[in-house]
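Asker: Give me a 3D structure for the following:
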Amino acid sequence: MVVSTDVYRPAAREQLAQVARATGTPCWPGTGTDKPLEIVRGAVREAKLSANDVILVDTAGRLHIDAELMNELQMLKRELNPTEILFVADAMIGQDAVRSAGEFHKQLGITGVVLTKLDGDARGGAALSIRKVSGAPVKFVGIGEKYDALEPFYPDRIVSRILGMGDVLGLIEKAEKHIDEKKARELERKLRENDFTLEDFRDQLRQIKKMGSLEQLMGMLPKVGPFANLPKNTEIDEKRLTSVEAIINSMTAAERADDRLIDGKRRKRIARGSGTSVQEVNQVLKQYADMRRMMKQYGSYAKTKMRGLGKFAGMKPPPGLAGEK
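Answerer: Predicted coordinates:
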């Protein structure tokens with residue numbers, strides 16, 4: 001069962017209730033009171049009656065210098081005698097999070113850390129420092145905004161990230177989870193036979209979208225070898241993939257099977273049907289032709305897919321990834 005004692009931030013308890021509903025987890029609303037201690041007492045009573053053996057208490061975010069809120073935490077600790085006290089740290093804050101973790105540990109004795117926003121630019125160096133000052137292990141990392149973007153912490157992956165080596169194992173796991181093995185084999189056959197169509201192109205875009213944000217995927221690539229020149233802090237237009245898919249969906253089955261059928265008149269029709277411009281249709285056809293040519297040249301599905309990611313999202317591919325010399 002989950003319960004929120006955040007009575008300060010507007011709609012904080014309702015936000016937790018929505019996440020609980022989405023995950024099928026019981027949630028104690030604590031309605032009728034705005035006193036954290038009364039809320040948790042009611043949650044404990046309800047948990048016993050409904051045979052829930054674990055209670056996750058979500059407390060209000062606070063700074064370690066806020067004496068009143070820190071006293072509130074100590075009061076909740078005495079009441080609950082919790083098995084775990086998890087400190088949630090924002091990886092983007094860096095060393096400020098380290099100082100805060102040290103103070104929280106002195107006053108409460110934290111047993112673990114959850115490091116969030118690792119899908120951004122932060123490399124995770126704060127994880128090492130927090131571990132040093134508190135002695136508490138990092139148990140989970142947040143790699144997105146939704147509830148399903150929480151993963152167990154793997155120290156070797158953070159070290160790889162700090163050293164600019166990316167998270168190749170994480171990328172492989174995402175591929176294994178989201179990419180249809182049967183379709184992958186079929187694509188491999190089509191590449192060997194040079195039979196890669198616009199429909200296949202669209203299917204690959206869908207597979208990539210399932211794996212997560214492009215910015216996150218690009219961040220998992222090692223910054224060595226052929227990926228050493230990947231642009232840093234590049235904003236990737238996620239909507240570009242949706243636009244490309246809409247353009248391909250506006251084509252007929254015959255056009256998707258043979259792009260040579262798409263003349264000027266058909267391009268105008270496709271643009272109207274997809275809510276885009278003829279210029280955008282031309283760009284998609286050019287990108288498809290480039291991708292097909294690269295696939296034919298290199299014959300490697302994995303390499304060419306990563307080469308294509310930047311183009312599809314409006315990024316300029318770095319030298320060496322798109323055949324430039």
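Asker: report the longest helix in this structure, please.
Answerer: For the chain, the helix with the greatest residue count under DSSP state H is helix 278-298.
Asker: Identify each buried residue in it, please.
Answerer: For helix 278-298, a neighbour-count test (16 or more other Cβ atoms under 10 Å) marks 280, 281, 283, 284, 285, 288, 290, 291, 292, 294, 295 as buried. The way it works is simple: take the backbone N, C-alpha and C, and place the C-beta from them, glycine included.
Asker: Need the max-distance pair from those residues.
Answerer: 280 and 295 (22.4 Å; Cβ to Cβ).
Asker: can you list the domain ranges for the protein.
Answerer: Domain segmentation of the chain under automatic domain parsing yields 2-163, 171-312.
Asker: Residue 67 - how many residues pack around it?
Answerer: For residue 67, the neighbour count with other Cβ atoms under 10 Å is 8.
Asker: for residue 29, same thing?
Answerer: As a burial measure, residue 29 scores 16 neighbours (other Cβ under 10 Å).
Asker: how far away is it from residue 90?
Answerer: 27 Å (Cβ to Cβ, to the nearest Å).
Asker: again, but for residue 9
Answerer: Residue 9 sits 16 Å away from residue 90 when distances are taken as Cβ to Cβ.
Asker: Looking at the two, which is more packed in?
Answerer: Legend: neighbour count by other Cβ under 10 Å for residue 9 and residue 90, higher for residue 90 (17 against 11).
Asker: wait, what's in contact with the more buried one?
Answerer: For residue 90, the residues meeting the contact criterion (Cβ atoms under 8 Å, 6 or more residues apart in numbering) are 97, 116, 117.
Asker: Would you agree the first one is in contact with residue 89?
Answerer: Yes. A contact is recorded between residue 97 and residue 89 when judged using Cβ atoms under 8 Å, the distance being 4.2 Å.
Asker: so where do the helices sit in the stretch 1-150 of the chain?
Answerer: Chain-ordered helices for the stretch 1-150 of the chain, with DSSP state H, counting those that start in this stretch as the definition, fall at 12-23, 36-49, 67-80, 95-108, 125-134.
Asker: Columns mean pLDDT and distance to residue 251 on top of those, output as TSV?
Answerer: As requested, those are exported to TSV (pLDDT from 0 to 100; distance: least, Cβ to Cβ, whole Å):
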stretch	mean pLDDT	distance to residue 251
helix 12-23	92	36
helix 36-49	94	55
helix 67-80	90	58
helix 95-108	81	49
helix 125-134	77	47
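Asker: out of those helices, deepest packed?
Answerer: Mean neighbour count (mean count of other Cβ atoms under 10 Å) peaks for helix 125-134 among those, with a mean of 19.
Asker: name the helices or strands packed onto it?
Answerer: Contact partners of helix 125-134 among helices and strands, from 3 or more Cβ pairs under 8 Å, 6 or more residues apart in numbering; DSSP states H and E: strand 86-90, helix 95-108, strand 112-116, strand 138-142, helix 155-162.
Asker: send the alpha carbons of it over as PDB?
Answerer: Extracted C-alpha coordinates of helix 125-134, given in PDB (Å, rounded to 0.1, in the frame of the first residue of the first chain):
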ATOM      1  CA  GLY A 125      28.900  11.100 -10.600                       C
ATOM      2  CA  ALA A 126      26.700  12.100  -7.600                       C
ATOM      3  CA  ALA A 127      26.000   8.400  -7.000                       C
ATOM      4  CA  LEU A 128      29.600   7.800  -6.000                       C
ATOM      5  CA  SER A 129      29.800  10.800  -3.700                       C
ATOM      6  CA  ILE A 130      26.400  10.100  -2.000                       C
ATOM      7  CA  ARG A 131      27.600   6.500  -1.400                       C
ATOM      8  CA  LYS A 132      30.800   7.900   0.200                       C
ATOM      9  CA  VAL A 133      29.200  10.500   2.500                       C
ATOM     10  CA  SER A 134      26.200   8.300   3.600                       C
END
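Asker: between it and strand 112-116, how many degrees?
Answerer: Orientation note: helix 125-134 sits at an angle of 160 degrees relative to strand 112-116 (axes from the mean of the first three to the mean of the last three Cα atoms, to 10 degrees).
Asker: Next up, the contacts around residue 57.
Answerer: With contacts defined as Cβ under 8 Å, 6+ apart, the neighbours of residue 57 are 2, 3, 4, 5, 40, 43, 76, 80, 82.
Asker: Among the residues you listed, pick out the one closest to residue 133, please.
Answerer: Residue 133 lies nearest to residue 82 out of the contacts of residue 57, by Cβ to Cβ, at 21.0 Å.
Asker: Now do that closest one against residue 113, distance only.
Answerer: In this structure, residue 82 and residue 113 are 15 Å apart, going by Cβ to Cβ.
Asker: who has more neighbours, those two?
Answerer: Neighbours around residue 82 and residue 113, counted as other Cβ under 10 Å, are more numerous at residue 113. The numbers are 25 against 14.
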